[in-house]
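A.B. asks: coords please:
(2 chains)
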There are 2 protein chains.
Amino acid sequence: MLKLSQLKDLSRQSETKIVLLVIDGLGGLPRPETGKTELETARTPNLDRLASQGICGVTDPVAQGITPGSAPGHLALFGYDPIEFAVGRGILEALGIDFDLKKGDVAARGNFCTVGPKGIVVDRRAGRISTEENAELCKALSRIALSGVELFVVPVREHRFAAIFRGKGLSGDVSDSDPQQVGMAPLTVVPLLPTGDRMASLANEFVARAKSALADRHPANMVLLRGFSQHPDLPSMVDTFKLNPAAIAAYPMYRGLAKLVGMKVLDTGSSIEDEFSTLRQRYGEHDFFFIHVKKTDSAGEDGNFDGKVTVLEEVDGLLPCITDLHPDVIVVTGDHSTPATLKGHSWHPVPLLLYSRWCRPDSVQQFGERACAAGGLGRFPAAEVMPLAMAHALKLAKYGA
Amino acid sequence: MLKLSQLKDLSRQSETKIVLLVIDGLGGLPRPETGKTELETARTPNLDRLASQGICGVTDPVAQGITPGSAPGHLALFGYDPIEFAVGRGILEALGIDFDLKKGDVAARGNFCTVGPKGIVVDRRAGRISTEENAELCKALSRIALSGVELFVVPVREHRFAAIFRGKGLSGDVSDSDPQQVGMAPLTVVPLLPTGDRMASLANEFVARAKSALADRHPANMVLLRGFSQHPDLPSMVDTFKLNPAAIAAYPMYRGLAKLVGMKVLDTGSSIEDEFSTLRQRYGEHDFFFIHVKKTDSAGEDGNFDGKVTVLEEVDGLLPCITDLHPDVIVVTGDHSTPATLKGHSWHPVPLLLYSRWCRPDSVQQFGERACAAGGLGRFPAAEVMPLAMAHALKLAKYGA
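C.D. replies: Model (predicted):
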């Protein structure tokens, strides 16, 4: 696999357009009664036609056997080796609430919790306080002044919030204050590397002052922080691939991930139909579109096999909204598998179809796990999807003389 | 591929069990008369059933085109990148005689040889003296006292022995004394790196004193040493994968390799049936079993196509001893190919089948080289077998947020 800097040298701006449709958690496992996966069960005539006209394969988002989180799964599809480039948990939490992160920011996941008179954690979730109370408490905590940094304390849901520290010389190389169990006092944050010294002091100062501020707010009388991480400052897709890329995603975290790699996030609605309409409306303005479909993953996580099948059929029914635009390259794949039988993300490879005037077709006639596994693209790392899409859009120059 | 330290972070202890059956030298080449390999020729209904219920692929132990020795072939299957982790020849020789190596030990392969009056080697194998005479000479050499180190001189077979040096500050970074041809004097051992200084002096001192001790033992009147290497101090599978792993192997070298990666070596007999019985008897005590079948490789090395077929059929007949235990994951593969037509190890990829409740089945119906090459796991590095097995045993947490 080439490095991003090498891909940058080869990338050429051109008029051709690429649409990357990411069906979250696309891959599945057979339902024992029928021996067919969700995708093999769904009636998907449009995807099947595209598969038979294009070329198929399966991807490993990270490596054989490795179950990816959403961030590595998406980074790989955007061309970033997910072992080299990482997005921390705190940063993801901030992205999930559409917080406008800046380079250098350090973010942590926070919980309001309950401590007893001796400071021992008795409830890590403060009885799951309401999101409204959370918002009010966050407002109070936002007033804490820490020397030399800007502090943002932003509610997520129930007892969860994000804390973002903005200033010079910060780093995510610090430990958690969250002991991850009741019966212990919150932990002192310590630097994991010398670069974490300042962040550790600031975090401990914030926790101490939050404790005072919350003293009479039982059950939410303390905070726990974990997953400190820094804005990853990823190379931009604009710069690397010479693209003018746009993201269409109903869920904030995926918009956030797209923003991290330099995509313009387009306003859209909450349904798949809304997302596909946005593509049509904005089709003239960009040469690369990432469209994210979330509900397949949610159904998979819920163990809802039929629900996942229904969403897949909905996507298939709407596919002409994309094909009627005649993009030069259409890639349909997922960021990872989420088999309904496993009720969670899994390590199984992800079906992929690539349609372009310039693909060398294979004999795959159906868009499904087993059909794609026998496809002409073979089994390959998801981080090679972008070079493949760029090549088929004739946007990559020759490597070497 | 993730690093071992990353796999360690993801690995979780659990109740599920993994059985890794290594059929040494499994892969083969077609016999010209039939166009079928050994494995394709053998009647293997049990393996075929498992292949059709599970998922198949082929592995490259080291890399395309590279013929592995036994050590890299096995290290890869145990999860260790064989290009990063190496076991030297001296260490392998010591493992092959069940010598109980300690961390820091340096081992060399030794030959008794014959030198003429001017010290020139005239027979590198001292006329292949008997193993009994070898044992007697080794006893004499063991009495050589070297300052600051313990010395073990252990007979192997005929003219071959192993010399093990135990002490502080040793290193395998030294040259051989064996000139690898007659008509030359034994070479002075020199350090290949500054770390080898002390080992080189000790080796030269040992050789000089062995020469005196053997002066009147013609034809075995001198020794040649080669393959100095240090105990590789590999990360333990216990620590990395959170397993309680056991090895069942009739041949000492494979027990030794298993011990190097932290497996407990179980007592067993010399037949395949003995090995499989040991699995049944000790099944409750461990969550990972490596079972090694040697005779396929021996038959391949001997160019005995039919003999290899017979051993494969024997393994197949005994397979229910494993499947009846209902392990959560069964992996059947080899450490490399040993085609009978080539009479030796080869670079050809190795068939692999993985059976688990959580595998995504493919269309493979037969356990053979060509069938597996079209399997759902594709072609992949053997060092990814452990992550795959761990994933299917639900022992690996999600990578990244």
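A.B. asks: skipping adjacent residues, who's closest to residue A:319 in space?
C.D. replies: In space, residue A:319 comes closest to residue A:46 once its chain neighbours are excluded; the distance is 4.0 Å by CB to CB, 6 or more residues apart in numbering or on different chains. Where C-beta positions appear, they are placed from N, C-alpha and C, glycine not excepted.
A.B. asks: show me which residues of chain A sit near chain B.
C.D. replies: Within chain A, the positions adjacent to chain B are A:27, A:29-30, A:35, A:37, A:58, A:62-72, A:82-83, A:86-89, A:92, A:227, A:342, A:344-348, A:369-370, A:373-374, A:378-379 by CB under 8 Å from any CB of the partner chain.
A.B. asks: tell me the buried residues in the strand or helix carrying the residue nearest to residue A:319?
C.D. replies: In this structure, residue A:46 is located in helix A:45-53 according to DSSP states H and E. Taking 16 or more other CB atoms under 10 Å in any protein chain shown as the neighbour-count basis, helix A:45-53 is seen to contain the buried residues A:46-52.
A.B. asks: sheet partners, orientation included, of the helix or strand that that helix is followed by?
C.D. replies: Following helix A:45-53 in sequence order, the next helix or strand is strand A:55-60 (DSSP H and E). For strand A:55-60, the paired strands and their directions (DSSP bridges) are strand A:350-356 (antiparallel), strand A:378-381 (parallel).
A.B. asks: quick one: those as JSON lines, columns for mean neighbour count, distance to residue B:153 and mean pLDDT too.
C.D. replies: Putting these into JSON lines (neighbours: other CB atoms under 10 Å in any protein chain shown; distance: least, CB to CB, whole Å; pLDDT from 0 to 100) gives the following:
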{"stretch": "strand A:350-356", "mean neighbour count": "27", "distance to residue B:153": "57", "mean pLDDT": "98"}
{"stretch": "strand A:378-381", "mean neighbour count": "17", "distance to residue B:153": "50", "mean pLDDT": "95"}
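A.B. asks: circling back: show me just the buried residues among the residues of chain A next to chain B.
C.D. replies: Buried residues within these, defined by neighbour count using 16+ other CB under 10 Å: A:27, A:29-30, A:37, A:58, A:62-72, A:82-83, A:86-89, A:92, A:227, A:342, A:344-348, A:369-370, A:373-374, A:379.
A.B. asks: what are the boundaries of the strands in the stretch 51-200 of chain A?
C.D. replies: Remark: strands assigned in the stretch 51-200 of chain A by DSSP state E, counting those that start in this stretch are A:55-60, A:106-115, A:121-123, A:150-157, A:160-166.
A.B. asks: can you count the residues close to the closest residue in space to residue A:309 that isn't next to it in sequence?
C.D. replies: Sequence neighbours aside, residue A:42 is the residue nearest to residue A:309 in space, at 4.6 Å (criterion: CB to CB, 6+ apart). Neighbours of residue A:42 under the rule other CB atoms under 10 Å in any protein chain shown: 24.
A.B. asks: I'd like the distance between the residue of the stretch 1-150 of chain A found nearest chain B and residue B:359.
C.D. replies: For the stretch 1-150 of chain A, the nearest residue to chain B under the criterion CB to the nearest CB is residue A:65, separated by 3.3 Å. For residue A:65, the distance to residue B:359 (CB to CB, to the nearest Å) stands at 11 Å.
A.B. asks: overlap in contacts, those two.
C.D. replies: With CB atoms under 8 Å, 6 or more residues apart in numbering or on different chains applied, the overlap between the contact sets of residue A:65 and residue B:359 consists of residue B:392.
A.B. asks: I'd say residue A:47 and residue A:367 touch.
C.D. replies: Yes. Taking contacts as CB atoms under 8 Å, residue A:47 lies within contact range of residue A:367: 4.0 Å.
A.B. asks: okay, and the common contacts of these two?
C.D. replies: Listed as contacting both residue A:47 and residue A:367 by CB under 8 Å, 6+ apart are A:332, A:353.
A.B. asks: CSV for the buried residues of helix A:45-53, including pLDDT?
C.D. replies: Rendered in CSV, the data for the buried residues of helix A:45-53 read as follows (pLDDT from 0 to 100):
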residue, pLDDT
A:46, 98
A:47, 98
A:48, 98
A:49, 98
A:50, 98
A:51, 98
A:52, 97
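A.B. asks: what's the closest of those to residue B:221?
C.D. replies: If you rank those by distance to residue B:221 using CB to CB, residue A:51 comes first, at 74.5 Å.
A.B. asks: what distance do you get for the closest residue to the closest one other than its chain neighbours to chain B?
C.D. replies: Nearest-residue entry for residue A:51: residue A:367, 4.2 Å, with adjacent residues in sequence omitted and distances by CB to CB, 6+ apart. Distance of residue A:367 to chain B, given as CB to the nearest CB, to the nearest Å: 15 Å.
A.B. asks: which stretches of the stretch 151-300 of chain A form helices?
C.D. replies: Assigned by DSSP state H, counting those that start in this stretch, the stretch 151-300 of chain A shows helices spanning A:197-214, A:237-241, A:252-260, A:272-282, A:295-301.
A.B. asks: nearest to residue B:319, out of these?
C.D. replies: With respect to residue B:319, and counting by CB to CB, the nearest of the helices of the stretch 151-300 of chain A is helix A:295-301 at 34.0 Å.
A.B. asks: ok, residues contacting the closest one?
C.D. replies: A:23-26, A:28, A:38, A:272, A:305, A:307-308, A:310-312, A:315, A:334, A:338-340, A:342-345.
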